[in-house]
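Enquirer: Output the structure for:
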Amino acid sequence: MVKGEISGDEEAMRNMNHLGQTIAWLGAAIASVPDTSPFPKFAVELH
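Expert: The predicted structure is shown next:
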């Protein structure tokens, strides 16, 4: 696969966009857990 090869693949572009949004949401959710929360952070239920 070369750079720009998927630019015409609409399904791949939608999937990558969705994945990017999911990663951004997950990062924000993890960052919102205070450092004073019980360890490990992933034990805290996020809503």
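
Enquirer: okay, now residue 25: neighbour count?
Expert: As a burial measure, residue 25 scores 11 neighbours (other C-beta atoms under 10 Å). In short, each C-beta sits where N, CA and C put it, glycine included.

Enquirer: again, but for the one 4 residues further on
Expert: Burial of residue 29 is recorded as 13 neighbouring residues (other C-beta under 10 Å).

Enquirer: Mind pulling up the pLDDT for it?
Expert: Turning to residue 29, the model gives it a pLDDT of 87.

Enquirer: The strand or helix carrying it packs against which elements?
Expert: Under the criterion of DSSP states H and E, residue 29 resides in helix 10-31. Using 3 or more C-beta pairs under 8 Å, 6 or more residues apart in numbering; DSSP states H and E as the contact test, no helix or strand touches helix 10-31.

Enquirer: Only C-alpha atoms, please: export it in CSV.
Expert: Below are the C-alpha coordinates for helix 10-31, written out as CSV (Å, rounded to 0.1, in the frame of the first residue of the first chain):
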residue,chain,number,x,y,z
GLU,A,10,-14.9,5.5,1.0
GLU,A,11,-15.4,2.6,3.3
ALA,A,12,-11.8,2.7,4.5
MET,A,13,-12.0,6.4,5.0
ARG,A,14,-15.2,6.1,7.1
ASN,A,15,-13.6,3.3,9.2
MET,A,16,-10.4,5.4,9.8
ASN,A,17,-12.5,8.4,10.7
HIS,A,18,-14.6,6.4,13.2
LEU,A,19,-11.4,4.8,14.7
GLY,A,20,-9.8,8.2,15.1
GLN,A,21,-12.9,9.5,16.9
THR,A,22,-13.0,6.5,19.1
ILE,A,23,-9.3,6.9,20.0
ALA,A,24,-9.9,10.6,20.8
TRP,A,25,-12.8,9.7,23.0
LEU,A,26,-10.9,7.1,24.9
GLY,A,27,-7.9,9.4,25.4
ALA,A,28,-10.2,12.1,26.8
ALA,A,29,-12.0,9.6,29.1
ILE,A,30,-8.7,8.3,30.5
ALA,A,31,-7.4,11.8,31.0
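
Enquirer: Thanks again, I'm all set now.
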